[in-house]
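In: Just a sequence and a predicted model for now, questions to come.
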Protein chains: 2
Amino acid sequence: MISLKQLHYALAVEKTLHFKKAADACHVSQSALSTAIIELEKQLGSTIFERNNKQVLITSNGQLILNKAKIVKRELDELVQLSQSNKQAFINPMTIGVIPTIGPYLLPKVLPEVRQQHPNFKLKIIEEQSHVLVDMVRTGDIDAAILALPFPIDGLMSFDFWQEDFYWVSHKDECPSQLKEITSEELEIDKLMLLKDGHCLKDHALAACSMRNDKQDTDFDSASLHTLIQMVAGKLGTTLVPQMALDQLIYDESEIRAIHLNEPGPHRTIALIIRPNYVRTNELTQLRDIFNQQLTKKCC
Amino acid sequence: MISLKQLHYALAVEKTLHFKKAADACHVSQSALSTAIIELEKQLGSTIFERNNKQVLITSNGQLILNKAKIVKRELDELVQLSQSNKQAFINPMTIGVIPTIGPYLLPKVLPEVRQQHPNFKLKIIEEQSHVLVDMVRTGDIDAAILALPFPIDGLMSFDFWQEDFYWVSHKDECPSQLKEITSEELEIDKLMLLKDGHCLKDHALAACSMRNDKQDTDFDSASLHTLIQMVAGKLGTTLVPQMALDQLIYDESEIRAIHLNEPGPHRTIALIIRPNYVRTNELTQLRDIFNQQLTKKCC
DNA sequence: AGACGTTGATAACGGAGATTTATGATTTCA
DNA sequence: TGAAATCATAAATCTCCGTTATCAACGTCT
C-alpha cells in the first residue's frame, strides 16, 4: 500500500532534485528517504526519478505522478481543515483573489461588514486578472476568486452573488440633458474608450453592445476605470462602467453623467469561483450572503 | 500524521455502521480498527462517529470528512493507475457513459475502429441521461461521459469532438419536393414531435428553433428517435433529428425526408466530459480523435 | 432476575516495516 | 590521486500497528 509518507518524500525530492537535501527537509536520514522512494517506485511499477551520482531528473511519467501526489496532499490538507473549519468558522485565514474591475468597488462596500461580523477573521486579498486567478484557484494557491462572468472556468464552480448592467459615462456637455437610457446603436463607437485587452470588463462591455473585440482601438486603452473617467472628464471620449463602480467614480457635482445602457442584461455577473470539492463552502456562502446584502444596500 | 489506513477504516465503518463488520471487511481485528478510528478522531480533533454499544451514528461533520476521504482515496487510486496507464495505454478497462440520443448513432460508427486499433481494450458503455452521467463522472463511478452540449457541467471539463445541426424529418407527402432548407419560422409547430422531457435533445432542438420548453406538448412525447421516425412514417407529424442519426433512421427508399434546419449553429456539440485532475486523458484524447475521424468519414 | 451474547474500548505482547548509522560504488573536482 | 559528494545497500534498532485477551455497558432470552 502506497503511503502518504512516500508521496511526501517524493515531492521533497521534486523540489530539491537532491536526495540528501530532500531528506533534511523531511527530517529523516538520506537512507530512509532513498529506500522509501525506491519502494514507492517499485509499488507503482515505474521510475519517477532518473538519478545517478551527478544529478536527479524527473521522468515525464514521474512528473504526472508528482502532480497527482500534490493533489492528493492538497485534498488531505483540506480534510484536516474541514474538521477545524466547521467547528469554528472564520478562524483559519483565507485568501481570495479579485479582479481589478471589481476589487476597488466591491471591497469597500463589503469588507467593513465582514470585519464587523468576524473581527478575528484574517481575509487576505490579492488582485490579478481573471485568467491568473482561475489558475490559482485550480492549483489551490488561493481559496477562491471573485470574477465577472461569463468567463471560461472549466472545471471550477461558481456561486453567483450579484448581477449588474453597464452605464454609459460621458461629459455633460456631450450628453443630451434629458437622456435617461441609451442603446448600443446610439453609442458613438469612435468616442468609446475601454480598458486594454486582458481585462474581462472590456469583453463584457463589448458583449453587452453585441460587438466583437476584433478592431484595434489602440489609442485610448486604459489600465483602470479611474483613468478612463478622468479622460471622460477631459472630454476625450466616453466609456462604459459597471453599476457598482458608479458611486465611486461619479460625484453629484461632477461634470460627467452616467446613463443606463439599455441592452438585454444582466451585462455581467459577479461570482465566487472555487474548485469542486473545496471544503470551506460554509464560510464562503456566508461571505457571499454578506456581499450580496451589502451590494443590495449600497448599489440600489 | 493521518494515514490512508485510517481513512480506509473510517470508510468501512461508514459503509457498515458496525465496527466489527468493518474490521472484517478490512481483514483486521476489531481492536485494530477501533484504535485507528480513535486515533484519527484525536488527530482531527473532532468525532466522526457517535457510538455506543447499541449503534453507530455519523456526525454531520463526520459525513463531510468521510466524503473528503473518498475523494482522497479516489485521487490516490488514480495516481496508481497513472503509472500503469501511461506505460501501457488501453490496457486497463474503462467505463464511459453515453446519452441515449448519441449512443446508438455514435457507437456503431466508432467502436469498430476502437476495437481494431486496441483489440485488448475493454471499454464498457453505459447509457443514461445527461444529469445522471454528470453525477457519475463527479463521483468517479465512470471514467468519462459523452454528452451533447450545452449542458450544465459545473466543475467538470469537456473535450469537444463533434458539432452538428438538426434536420427536419417529415413524410414526403407533407414536404415540398424541392425544399432544400427550412427555417424554424417555416416549421409547423403543431406537428412537431420531440422526445419527452429529460432528454437534452429536446432542449437543444427547441434552442435551435429559439423556442422555450414551457408549453406542454404532451401527446406525442416519445422515448426514442426511432419511435419518432416511425410516427413520422405514419404521418402523425414531423420531428427534428441530429445529423449523426440520419443514416440509421432514414433509408433512400423510405417514405420520409430530412431537410437541414437552417438556423444559426452548430445546434449541438458532442463532447467527452471528465473530472478535472482525471488522469487517463492520454487515452481519452486518442479516443476523441478516433471518434472525430470516424464521424468525419461517415457523417459527411 | 440472571445468564449469555453483543457492542466498542483497553492493555499487553509480538512482529513487520521504517529509521538510523555505517559503509559501498561511482563520479566530480582540485 | 585523493577528498568530497552522489545515491544505494547492509545490519542494528526502534517505532508503530496488529493480535489476543479482557473489560464494561447494554440487550435479550429464559
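Out: That came in fine, so what should we check first? It should be emphasised that the depicted structure is a prediction, and the values quoted were computed from it without experimental measurement.
In: for A:Ala145, helix, strand, or coil?
Out: Of the three states, A:Ala145 takes strand under DSSP: H, G, I helix; E, B strand; the rest coil.
In: so it sits right up against A:Thr95, yeah?
Out: No. A:Ala145 lies out of contact with A:Thr95 (C-beta atoms under 8 Å); the separation is 9.7 Å. Where C-beta positions appear, they are placed from N, C-alpha and C, glycine not excepted.
In: neighbour count winner among the two?
Out: Per other C-beta atoms under 10 Å in any protein chain shown, whichever of A:Ala145 and A:Thr95 has more neighbours is A:Ala145, with 27 against 15.
In: who touches stretch A:60-78?
Out: A:4, A:7-8, A:10-11, A:14, A:44, A:46-49, A:58, A:140, A:277-279, B:2, B:68, B:71-72, B:75-76, B:78-79, B:82-83, B:86-87, B:277, B:279 (C-beta atoms under 8 Å, 6 or more residues apart in numbering or on different chains).
In: If we use 6 Å, what do you get?
Out: A:7, A:11, A:14, A:46, A:48, A:140, A:279, B:71-72, B:75-76, B:79, B:82, B:86, B:277 (C-beta atoms under 6 Å, 6 or more residues apart in numbering or on different chains).
In: pLDDT on it, on average?
Out: Here stretch A:60-78 scores 93 as its mean pLDDT.
In: centre of the chain versus it, how much separation?
Out: Relative to its parent chain, stretch A:60-78 has a centroid offset of 23 Å by C-alpha atoms, centre = their mean, to the nearest Å.
In: Okay, buried residues for it please.
Out: By 16 or more other C-beta atoms under 10 Å in any protein chain shown, the buried positions in stretch A:60-78 come out as A:61-62, A:64-66, A:68-76, A:78.
In: So which of these are in strands?
Out: Per DSSP state E, strands hold no members of the buried residues of stretch A:60-78.
In: which of those residues lies closest to DNA strand D?
Out: Here the nearest of these to DNA strand D, counting by C-beta to the nearest atom of the strand, is A:Gly62; it sits at 12.9 Å.
In: Distance check, the closest one against A:Thr35.
Out: Distance from A:Gly62 to A:Thr35, counting by C-beta to C-beta, to the nearest Å: 18 Å.
In: For DNA strand C, what's its nearest residue on the stretch 101-250 of chain A.
Out: A:Gly140 (25.3 Å).
In: Kindly report the residues of chain A close to DNA strand C.
Out: A:3, A:5, A:27-32, A:35-36, A:39, A:52-54 (C-beta under 7 Å from any atom of the strand).
In: which ones among these are found in helices?
Out: With helices defined by DSSP state H, the entries of the residues of chain A next to DNA strand C inside them are A:Lys5, A:Gln30, A:Ser31, A:Ala32, A:Thr35, A:Ala36, A:Glu39.
In: right, and the second one touches A:Ala22 too?
Out: No. Using C-beta atoms under 6 Å as the test, A:Gln30 is too far from A:Ala22 to be in contact (8.4 Å).
In: Could you check which of the two is surrounded by more residues?
Out: Comparing A:Gln30 with A:Ala22 by other C-beta under 10 Å, the one with more neighbours is A:Ala22, at 24 against 14.
In: ok, and the closest non-adjacent residue to A:Tyr111?
Out: Quick fix: residue A:111 reads Leu, not Tyr. A:Leu123 (7.6 Å; C-beta to C-beta, 6 or more residues apart in numbering or on different chains).
In: what's around the one you found, how many residues?
Out: By other C-beta under 10 Å, neighbour count at A:Leu123 equals 17.
In: Same question for A:Leu206.
Out: A:Leu206: 18 surrounding residues under other C-beta under 10 Å.
In: how far away is it from A:Leu192?
Out: On the measure of C-beta to C-beta, A:Leu206 and A:Leu192 end up 9 Å apart.
In: Roughly how far does A:Met231 sit from chain B?
Out: Separation of A:Met231 from chain B (C-beta to the nearest C-beta, to the nearest Å): 37 Å.
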